[in-house]
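Trainee: Would you be able to build a 3D model of this:
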Amino acid sequence: MKLYPVKLLTITCEILAQKNIIEILSKHKITGYTTYEVSGSGARGLRSEGLTNEKNVKIEIILREEKLQDVVEEVSRTLFANFAVVLYVSDVGVLRTEKF
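Mentor: Sure, this is the predicted structure:
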């Protein structure tokens, strides 16, 4: 079994930023991602209690390194100032490189 190196971009953000992030992914021709509703506590306090628009989501995207920099730069430039966003990148290996 041979694994091929790609990147896992994980973005945890308030649900109000989700649409913006998906639009950025689409703009960069990235169509595959997974979203989850999540809860937790951080710099802006406990999230997930209360109204729907106060929830957090986690978006996971597996992508090739050549697309990563542009997506990360645009998310940070356009969303960090106005939304609660945590973004991190991990090295992962996949079997089916044609999917990414």
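Trainee: Could you measure from the residue nearest the centre of the chain over to residue 1?
Mentor: When CA atoms, centre = their mean is applied to the chain, the residue found nearest the centroid is residue 11 (3.0 Å). Per CB to CB, to the nearest Å, residue 11 is found 29 Å from residue 1. For glycine as for every other residue, the C-beta is placed from the backbone atoms N, C-alpha and C.
Trainee: ok, residues contacting whichever strand or helix holds the residue nearest to the centre of the chain?
Mentor: Assigned by DSSP states H and E, residue 11 belongs to strand 4-14. Strand 4-14 is contacted from outside by 21, 38, 40, 47, 53-65, 68, 71-72, 75, 79, 83-95, 97, 100, using CB atoms under 8 Å, 6 or more residues apart in numbering.
Trainee: May I see the buried residues of that strand?
Mentor: 6-7, 9, 11-14 (16 or more other CB atoms under 10 Å).
Trainee: Roughly how far does the residue nearest to the centre of the chain sit from residue 73?
Mentor: 13 Å.
Trainee: What of residue 7?
Mentor: 14 Å.
Trainee: Residue 91 now?
Mentor: Applying CB to CB, the value for residue 91 to residue 73 is 19 Å.
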